[in-house]
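Asker: Any chance you can model this:
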Amino acid sequence: MNNENKVDYNKEVIEKIKEETMSHPVPDSLSPDNMEEKLKNTKVKSKYSATKVLGVLAACFLGVLVIGTVGRMIIGSNSINQTLAPTKLADSSDSSEHVNSKYAKSYEDISDIINTTNKHYSQVMDDEADRITFKSNSNIEERSAEIQENAGDAATNDDSKSSSSQSSYSETDTQVKGVMEGDIVKTDGKYIYTIGKTPTGACINIHNANDGKTERLSRIMLDDIYCDEIHIKDSKLVVIGSRMKERKDQNKKKTRFDYIVPSYETIISVYDISDISSPKLVKEHIQDGTFRTTRLVGNYLYTYTSYETFSYDCVPDKPDEFVPSIDGDLIKPEKVLFVGSTPSHSYSVVTSLDISGAEHFSDKIALLGSFNTYYMGTENIYLIMRENKSTVKRRTNGSSITKYSYKDGEFNFEADTVVDGMINSPYYMHEYNGNFIYVYTTTGDRRGTSNGLCVMDKKLKLQGFINNLGVTETIYSSYYIDNIAYFVTYRNTDPVFAVDIKDAKNPKLLSELKLPGFSNYLHNFGKDMLLGIGESGNANIKLSLFDIAPNGGVKEKLTKEFKETYLSASENHKAIFVDEERMLIGMATDNSTDINPSSQNGVWYTVFNYKNGKLNTLHADRLKKTYDVEDVRGIRIGEYFYVVDVNNSDEIISYKL
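Answerer: Below is the predicted model:
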């Protein structure tokens, strides 16, 4: 770690927090009316989707409640830092100053910040809880159990889109080449590994796959664990799951929000699968916090969790009540980073583990703040946290960006800054020629919303930008191919923008294509095409293929629509199968009656191929037992295609391509 970044925490900051927290407006987006409207506009098909939404909104409310008020002070305070506002930079050549991040020197430092921030919100959360009507204690317990089962899904992050086509078998789509992502189904070209659900928890099913024929060889039972992701590396199977844990602060003052935001721990289990019929547990590790996501680079597994503490009277000599632990050991103060001036009761915890030995974590860090989005390149990690700025005339949203470099499992802090605009997805971010690029949406302007792109150097200092794109629109998806950034905005039309980032100081808008509807999924498809999946102007699901010219021009080549369907890509990009080598697209949809009108409505998995300028349906299979399109994956092994429903993985559909 860079010791030069360690400074004493400024007491003036704490005093300013006290002043600011006495009068804070809850963001309009979190008002009951707007919450209800958002839920109405959300297509929910999953059995647990409503619960997922409630759980996520509850967690977001608590996080934003704290961050919103403090963030309002941070972005607007020149004495602490200067906000990078791309919409105003045309009037100034100055780049943003960097936030004065610092490491804790003691647990007392941490307790002071959490206590100062939480005292005011203890009463606020109790007041908000009064608005919620619980019919009975059993209803509370039932709701908590449902949220526990789906805790890992809040990460939606949603985070994987890049070609993974290989001649022998397909791999999980990855955003960055060489940075593997976990999923619910994996293959190593010989076996199929799936996450399953049991009445008492989860299981891992291992099937052989031989010329389209499958047979289950073994099963690993995981009692009291909700399984989130798996990874396969050489002779190792890594299983990542989560479970509810007893809160250390349970005897302290609580609010009724405690019942819908319980405490979790993430379980990382490494198995030796040299004998595929009898997997052996090598080591189990426990990381505090709700599971967010993982990445596997070489032999190192990087795990991201979010840890909440609700102690309102933290005592320095009882750090186990407000500091996350790893394998039972509390994270040391010097590993806890105060990000800018945004104290919070939430931590983002990141660990590294060499799975070849799996004995001990290689490194661990904790950032005091509610980070919601992560981007991991081959050398650097970027963590994004929402910031809010409110004035009498306007309310705007910003983002805090914190950068760590990593190598062989060791983390090193590099830089951080605060910028205007929201960076809502890993796919809005990219690294090119050593620079960090992101697309963003700003709110609060008199015109409503607008969008732009920024290029930053290694120390997160602004190099160049382009702004005021898609005014009144919001970014729905983004995808980078080398030096070209493609992104889609939507309100009434679907503009597809292409921006050249080769010249870091002068990003150039190459084209803007306007279409009805929107695409919330983008993926390169072949050498000179872009695949878009989303919704048409008449609310049908739409597949679009775009021609992309060397000069950045974008032209819609063809489209295919489905009536009244719900698409797996809407919530999880990993559910889409793309094989550029064979020009194949696979996806699960619900109520796809146009594929086979004589069948019952339900979940279907359809495989398309692109040939002779047309998208053709190769196979369409109705999955009889699944209730959630997110639980279905398509994989290819050799010349055979397999459709796997994790709710019924013993009946894998297969056919020859």
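Asker: From here on, just use CA atoms for contacts and neighbour counts.
Answerer: Fine.
Asker: Could you point out the longest strand of this structure?
Answerer: Longest strand in the chain, counting residues (DSSP state E): strand 395-407.
Asker: What residues of that strand count as buried?
Answerer: Neighbour counts over strand 395-407 (16 or more other C-alpha atoms under 10 Å) mark 395-406 as buried.
Asker: What residues of the helix or strand just after it count as buried?
Answerer: Using DSSP states H and E, the next helix or strand after strand 395-407 towards the C-terminus is strand 410-420. The neighbour-count check on strand 410-420 (16+ other C-alpha under 10 Å) flags 410-411, 413-420 as buried.
Asker: hey, C-alpha coordinates of strand 410-420 in PDB?
Answerer: What follows is the C-alpha trace of strand 410-420 in PDB, where atoms were taken according to Å, rounded to 0.1, in the frame of the first residue of the first chain:
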ATOM      1  CA  GLU A 410      -1.900  -7.900  -3.900                       C
ATOM      2  CA  PHE A 411      -3.900  -4.600  -3.900                       C
ATOM      3  CA  ASN A 412      -2.500  -1.100  -4.100                       C
ATOM      4  CA  PHE A 413      -4.500   2.100  -3.900                       C
ATOM      5  CA  GLU A 414      -3.900   4.300  -6.900                       C
ATOM      6  CA  ALA A 415      -6.300   7.200  -7.000                       C
ATOM      7  CA  ASP A 416      -9.900   8.400  -6.600                       C
ATOM      8  CA  THR A 417     -12.200  11.200  -7.600                       C
ATOM      9  CA  VAL A 418     -15.800  12.400  -7.600                       C
ATOM     10  CA  VAL A 419     -17.600  13.100 -10.900                       C
ATOM     11  CA  ASP A 420     -20.900  14.300 -12.100                       C
END
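Asker: In contact with the residue lying closest to Y193 once chain neighbours are set aside, which residues?
Answerer: Leaving aside its sequence neighbours, Y193 sits nearest to I206 (C-alpha to C-alpha, 6 or more residues apart in numbering; 4.7 Å). By C-alpha atoms under 8 Å, 6 or more residues apart in numbering, the contact set of I206 is 191-194, 216-219, 276.
Asker: low-confidence ranges in the stretch 301-450 of the chain?
Answerer: Counting by pLDDT under 70, the ranges of the stretch 301-450 of the chain that qualify are 310-312, 340-343, 389-396, 444-447.
Asker: Let me see the ranges of the strands in it.
Answerer: When assigned using DSSP state E, counting those that start in this stretch, the strands of the stretch 301-450 of the chain occupy the ranges 325-326, 329-330, 336-338, 346-354, 361-368, 371-376, 380-390, 395-407, 410-420, 429-432, 435-445, 448-456.
Asker: Bridge partners for R243, pull those for me.
Answerer: When bridges are called by DSSP bridges, R243 pairs up with E265.
Asker: these two touch, right, it and D224?
Answerer: Yes. R243 sits in contact with D224 when judged by C-alpha atoms under 8 Å, with a separation of 6.6 Å.
Asker: and these two? which has more neighbours close in?
Answerer: In terms of neighbours (other C-alpha atoms under 10 Å), R243 is the more surrounded of R243 and D224; the figures are 22 against 16.
Asker: Can you give me the distance of the more buried one to E265?
Answerer: Using C-alpha to C-alpha, to the nearest Å, we find R243 at a distance of 6 Å from E265.
Asker: same check, this time on D494
Answerer: Distance of D494 to E265, given as C-alpha to C-alpha: 41 Å.
Asker: and if you look at V578?
Answerer: For V578, the distance to E265 - C-alpha to C-alpha - is 34 Å.
Asker: who has more neighbours, the two?
Answerer: Here V578 and E265 are set side by side on neighbour count (other C-alpha under 10 Å), and the busier one is V578, at 31 against 24.
Asker: Following element in sequence after whichever strand or helix holds the more buried one, please.
Answerer: In the assignment (DSSP H and E), V578 maps to strand 577-579. For strand 577-579, the succeeding helix or strand toward the C-terminus, using DSSP H and E, is strand 584-590.
Asker: So what are the sheet partners of that next one and their directions?
Answerer: Counting by DSSP bridges, strand 584-590 is paired with strand 566-567 (antiparallel), strand 577-579 (antiparallel), strand 603-611 (antiparallel).
Asker: which one of the ones you listed lies closest to Y375?
Answerer: When the strands paired with strand 584-590 are ranked by distance to Y375, counting by C-alpha to C-alpha, first place goes to strand 577-579 at 21.5 Å.
Asker: Mind checking the pLDDT average for the closest one?
Answerer: If you average the pLDDT over strand 577-579, you get 95.
Asker: before we move on, what about stretch 481-491?
Answerer: When the per-residue pLDDT values of stretch 481-491 are averaged, the result is 89.
Asker: Can you dump the C-alpha atoms of it in CSV for me?
Answerer: This file holds the C-alpha atoms of stretch 481-491, laid out as CSV (Å, rounded to 0.1, in the frame of the first residue of the first chain):
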residue,chain,number,x,y,z
ILE,A,481,-14.8,-2.5,-29.2
ASP,A,482,-11.2,-1.4,-29.2
ASN,A,483,-11.2,2.3,-29.6
ILE,A,484,-14.9,2.7,-30.3
ALA,A,485,-17.5,3.2,-27.6
TYR,A,486,-21.1,2.2,-28.5
PHE,A,487,-23.9,3.1,-26.2
VAL,A,488,-27.7,3.3,-26.4
THR,A,489,-29.9,5.9,-24.8
TYR,A,490,-33.7,5.9,-24.6
ARG,A,491,-36.8,7.9,-23.8
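Asker: Turn the buried residues of strand 395-407 into CSV, columns for distance to T187.
Answerer: As requested, those are arranged in CSV below (distance: C-alpha to C-alpha, whole Å):
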residue, distance to T187
R395, 47
T396, 45
N397, 41
G398, 40
S399, 37
S400, 37
I401, 35
T402, 34
K403, 32
Y404, 31
S405, 30
Y406, 28
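Asker: Of the residues you listed, which is the nearest to G434?
Answerer: Proximity to G434 was ranked across these by C-alpha to C-alpha; first place goes to S405, at 12.1 Å.
Asker: Need the nearest residue in space to the closest one, chain neighbours excluded.
Answerer: Skipping the residues right next to it in sequence, S405 comes nearest to N380 by C-alpha to C-alpha, 6+ apart, at 4.2 Å.
Asker: Check M456 too.
Answerer: Counting by C-alpha to C-alpha, 6+ apart, L462 is the residue found nearest to M456 once chain neighbours are left out, at 4.5 Å.
Asker: show me the residues around N483 that make contact.
Answerer: Contacts for N483 were tallied using C-alpha under 8 Å, 6+ apart; they are 432, 500-502.
Asker: so P262 sits in a strand?
Answerer: No. With DSSP: H, G, I helix; E, B strand; the rest coil as the criterion, P262 is coil rather than part of a strand.
Asker: what about it, how many neighbours?
Answerer: Close neighbours of P262, defined as other C-alpha under 10 Å, add up to 21.
Asker: excluding its backbone neighbours, what's nearest it?
Answerer: Counting by C-alpha to C-alpha, 6+ apart, the nearest residue to P262 once its immediate chain neighbours are dropped is M244, at 7.0 Å.
Asker: Leaving out chain neighbours, which residue sits closest to G464?
Answerer: In space, not counting the residues next to it along the chain, G464 is nearest to K505; the distance is 4.0 Å by C-alpha to C-alpha, 6+ apart.
Asker: For the closest residue to I541 other than its chain neighbours, give me its contacts.
Answerer: The shortest distance from I541 to any non-neighbouring residue, by C-alpha to C-alpha, 6+ apart, is to E535 (4.5 Å). By C-alpha under 8 Å, 6+ apart, E535 lies in contact with 517-519, 541-542.
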